[in-house]
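Student: Give me coordinates for this.
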Amino acid sequence: MATWDETDQGEETCSNSGAVYSVTYKSLPLKDDDSFHCSCGELMRSWRETGMYMYSLVSEGE
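Tutor: Sure, this is the predicted structure:
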């Protein structure tokens, strides 16, 4: 069974709410077409590539 790399991408802060998210990138065998929105609704990232971004809330914004 193949294993796919997972890479820590650091943290990203929402420009609208100030919420901070830890981001991890995981390689996939097929293209992923998706996006991530902050809990306030702000689009933080969209992608269409052979990988996906996983966001975990570190701290809530203002």
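Student: May I have the residues that are in contact with residue 46?
Tutor: When contacts are counted by CB atoms under 8 Å, 6 or more residues apart in numbering, residue 46 touches 34, 35, 36. Yep, even glycine has a C-beta here, placed from its N, CA and C like the rest.
Student: Just confirm the first one contacts residue 47, I think it does.
Tutor: Yes - counting by CB atoms under 8 Å, residue 47 is a contact partner of residue 34 at 6.4 Å.
Student: Show me which of these two is the more surrounded one.
Tutor: Shown here are residue 34 and residue 47; by other CB atoms under 10 Å, residue 47 has more neighbours (15 against 12).
Student: and that one, what pLDDT?
Tutor: On the pLDDT scale, residue 47 is placed at 94.
Student: Check the one 5 residues further on too.
Tutor: On pLDDT, residue 52 comes in at 92.
Student: close enough to count as contact, it and residue 36?
Tutor: No - Residue 52 is not in contact with residue 36 according to CB under 8 Å; the separation is 9.4 Å.
Student: what sits against residue 40?
Tutor: 14, 16, 17, 19, 61.
Student: can you count the residues close to the nearest residue to residue 62 once chain neighbours are set aside?
Tutor: Spatial nearest neighbour of residue 62, excluding adjacent residues (CB to CB, 6 or more residues apart in numbering): residue 18 at 5.0 Å. The number of residues packed near residue 18 is 13, by other CB under 10 Å.
Student: And for residue 22?
Tutor: Residue 22, neighbours per other CB under 10 Å, totals 14.
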